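# how does the following fold in three dimensions:
(one chain, ligands or ions: 1)
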Amino acid sequence: MITADQPIYQTRPCAECKTPFDAPGAFVCERFIAWQHFCTTCLPAVRENQERERADLARRQREGKWLEICPAEFVTIDRRLLPDPSLFDRVQAWSYSPRGMVVAGETGMAKTRSCWALLHREFMAGRSVRALNAYDLARWPAMVMSEPARADALLKRIVSADIFYADDPFKSRLSATVEELLFVALDERTSRKLPCFFSFNDSAATILERLSTDRAKAFLRRIRDFADVVKPTPATAK
Ligand SMILES: [Zn+2]
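Purely as a prediction, here's the structure:
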């Protein structure tokens, strides 16, 4: 029989300090079941501990999810070993806003690594991250043809993620389908006030060469309107 209308108390030893205290509970099948196992002195610290453990578990679970998103080679970063730590610092100085960032410069300056470190920080703060590299883009036209539903779902995630990152998307000449994907992503995201990140090895001139020119100019203009450009410190550039 359960009689839970009125709280019933029974003297029980605290599960932490063993001091007897009046534990609230109820009789279930003639057995007293205590709802509370800690005295009022121990309870705040016990609750705090439980809260910390829950937060730790959530953090570990999120770190696990991060390993599914971030390429293995970019999971760890040692700032001291970077060719231009100031580039890394300037990327990390970004704080979440609709204005994204273009990290441009020659190969070997840890541009991609710096971006992934920032994405990790934002992801751990609870934000969603969607990233594409040149390889993903090269596979895009085939996906649109053979798996349109999957391509649709991916595009939706690209336009709605809290942060979108395109890593060196202009490595090779882009097909019209891939150009279109990048334009739609940039257009849609800027209208939703969601930031885009790019890392480029290209200068503006080579981007113009690799995109169909009318679109390329609009694309560059759009990027300049909605992102700040960060470049390696001249002294460290080789
Ligand atoms: Zn106690």
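
# what about the strands in this structure?
Ranges of strands in the chain, per DSSP state E, are 8-13, 20-28, 31-34, 100-104, 129-133, 163-167, 196-200, 227-230.

# top helix in this structure by residue count?
Longest helix of the chain, by residue count under DSSP state H: helix 43-69.

# list the buried residues for that one?
Under the neighbour-count criterion of 16 or more other CB atoms under 10 Å, helix 43-69 has W66 buried. Quick note: C-beta positions are derived from backbone N, CA and C, even for glycine.

# for that helix, enumerate the helices and strands it packs against.
Counting contacts by 3 or more CB pairs under 8 Å, 6 or more residues apart in numbering; DSSP states H and E, helix 43-69 is packed against helix 111-124.

# excluding chain neighbours, what is closest to A131?
What sits nearest to A131 in space, not counting adjacent residues and going by CB to CB, 6 or more residues apart in numbering, is Y165, at 4.2 Å.

# if the one you found is in a bridge, with which residues?
A131, F197 (DSSP bridges).

# okay, now it: neighbour count?
Neighbours of Y165 under the rule other CB atoms under 10 Å: 24.

# roughly how far does it sit from T233?
22 Å (CB to CB, to the nearest Å).

# quick one: contacts of the worst-scoring helix or strand of the chain on mean pLDDT?
The helix or strand of the chain with the poorest confidence is helix 204-210; it has a mean of 77 (mean pLDDT, DSSP states H and E). Helix 204-210 has contacts (CB atoms under 8 Å, 6 or more residues apart in numbering) with 170, 172-174, 200, 202, 216-217, 219-220.

# those: which two are farthest apart?
S172 and K217 (19.9 Å; CB to CB).

# ok, C115 - contacts?
91, 103, 165, 167, 197, 199.

# which bits of this structure sit near the ion?
Residues of the chain lying close to the ion (CB under 5 Å from the ion) are 14, 16-17, 39, 42.

# quick one, which of those are buried?
The neighbour-count criterion (16+ other CB under 10 Å) marks 14, 39, 42 among the residues of the chain next to the ion as buried.

# so which of those is the closest to A125?
C42 (32.7 Å).

# give the contact list for the nearest residue to Q92 once chain neighbours are set aside.
Of all residues not flanking Q92 in the chain, L118 sits nearest, at 5.7 Å (CB to CB, 6+ apart). L118 makes contact with 91-92, 94, 197, according to CB under 8 Å, 6+ apart.

# swap in 7 Å and give it another go.
Neighbouring residues of L118 by CB atoms under 7 Å, 6 or more residues apart in numbering: 91-92, 94.

# filter these down to the buried ones, ChimeraX style.
In ChimeraX syntax, the buried subset of these is picked out as below (16+ other CB under 10 Å):
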select :91,94
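
# can I get the contacts of L118 in TSV with pLDDT?
Output for the contacts of L118, formatted as TSV (pLDDT from 0 to 100):
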residue	pLDDT
V91	96
Q92	97
W94	97
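
# list just the nearest of the contacts of L118 to the ion.
Q92 (44.3 Å; CB to the ion).

# how close does the spatially closest residue to Y9 that is not a sequence neighbour get to T40?
Once flanking residues are discounted, Y9 sits nearest to D22: 4.2 Å by CB to CB, 6+ apart. Distance of D22 to T40, computed by CB to CB: 9 Å.

# so those two - more neighbours on which side?
Between D22 and T40, D22 has the larger neighbour count (other CB under 10 Å), namely 15 against 10.

# please consider this matter closed, and thank you.
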